[in-house]
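Student: 3D model of this:
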Amino acid sequence: MTVASLSHTARAISGRAIRQNVHCQVFDNSRRSLSFSFAGPRKLEEIMKTELLEGKSASEVSDIWMTYHEGKDKTHGLIMLGKDSLDVLERAKQCPYFVQPVFRDEGYFMLVSQFQGPSHFLMAYLEDYKMDPARAQPLLTFSVFDDLAKKLDLGLIRCDILNKGVEDDEGRKIVNRMRTKKMRSISR
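Tutor: Numbering: from 1, shown residues only. Presented below is the predicted three-dimensional model:
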């Protein structure tokens, strides 16, 4: 589904602009830009009641996060150290695009990732992006929530697989590889 058809569908359903559900951007035609729209939750509060986390340890919050995402279809919860989550987000601000190969038995394909601040990543086929950046469809999105990074040294990651082109477990592995590469590029 393209951004335009998403926009049209959402307006038909709600009768109003979709700014609260899908991030819409106006692009200057003079520059090439990836025009993904983020479909997942934009804030940690949209996933869990953060006020109920007061007084909880990092271990307790991690358990809550992982239990919540356990068994969800096409959605994964991951954990990282808070310092690492801040580092990944800082590196993503410096380098918002990233290309990554995904290997399969029959070969490989390339994904391009775009960072949308403050904490969201969208990934699509590189070939789709090269043909038409405005029509490149996200295969998966993930967010790095750093809300608890300083207080509990905990970063929470949410991965949403949007397309059948990526298998459920493969999506989790892609996100893990991406965050590892972003962290590694910081330490160099």
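
Student: Tell me where the model's unsure across the protein.
Tutor: 1-41, 182-188 (pLDDT under 70).

Student: residues touching the spatially most central residue of it, list them.
Tutor: Among the residues of the chain, Phe142 comes closest to the average C-alpha position under CA atoms, centre = their mean, at 1.8 Å. Neighbour list for Phe142: Gly40, His120, Phe121, Met123, Ile157, Arg158, Cys159, Asp160, Val175, Met178 [criterion: CB atoms under 8 Å, 6 or more residues apart in numbering]. Quick note: C-beta positions are derived from backbone N, CA and C, even for glycine.

Student: Please name the bridge partners of it.
Tutor: Counting by DSSP bridges, Phe142 forms beta bridges with Phe121, Cys159.

Student: And it, how close does it get to Ser59?
Tutor: Separation of Phe142 from Ser59 (CB to CB, to the nearest Å) stands at 23 Å.

Student: before we move on, what about Leu148?
Tutor: 12 Å.

Student: Please, where are all the helices along this protein?
Tutor: Per DSSP state H, the chain carries helices over the ranges 3-14, 58-69, 82-94, 126-131, 149-152, 168-187.

Student: so how far is Arg179 from the residue nearest to the centre of the chain?
Tutor: If you go by CB to CB, the gap between Phe142 and Arg179 works out to 8 Å.
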